[in-house]
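Asks: got a sequence here, can you model it:
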Amino acid sequence: MNNKYKKLIVSIGLDLIGLIPVPFLDFFWAPVSGYFMTKMYKGKEGKIAGIVVFLEEILPLDIIPTFTIMWIYSYVIQKRKDENLIEK
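Replies: Residues are numbered from 1 along each chain as shown. Model (predicted):
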């Protein structure tokens, strides 16, 4: 399995973590998810997506699969090549 599809699996997993309805978990998860987004997707798009996922997690909008949407944007719409799972 190449890195592109590993990143999809990780993205779906991170979206599922964001769906867990535990009180106050969002205050911890919002900055962590923003950090992961900026590390998984490089460039301006990754930074913008990091802000979006932070806001989505801190506000009661936890049903949006932000990581998976970013994967679709990166690999289906923009047609990026296979990249490392975590960008350095």
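
Asks: the residue nearest in space to the middle of the chain: what's it in contact with?
Replies: Ranked by distance to the mean C-alpha position of the chain (CA atoms, centre = their mean), the top residue is residue 67 at 2.9 Å. Residue 67 makes contact with 10-12, 14-15, 33, 36-37, 40, 53 under the criterion CB atoms under 8 Å, 6 or more residues apart in numbering. (Each C-beta comes from the backbone N, C-alpha and C, glycine too.)

Asks: for residue 63, grab the count of nearby residues.
Replies: For residue 63, the neighbour count with other CB atoms under 10 Å is 9.

Asks: quick check: phi and psi on the nearest residue to it once chain neighbours are set aside?
Replies: With CB to CB, 6 or more residues apart in numbering as the criterion, residue 63 has its nearest non-adjacent residue at 7.2 Å, and that residue is residue 19. Main-chain torsions, residue 19, degrees, to the nearest 10: phi -80, psi -10.

Asks: returning to that earlier point: what about the closest residue to the residue nearest to the centre of the chain other than its chain neighbours, helix or strand, and which?
Replies: Of all residues beyond its chain neighbours, the one nearest residue 67 is residue 11 (3.7 Å), with distances taken as CB to CB, 6+ apart. Secondary structure from DSSP states H and E places residue 11 in helix 3-18.
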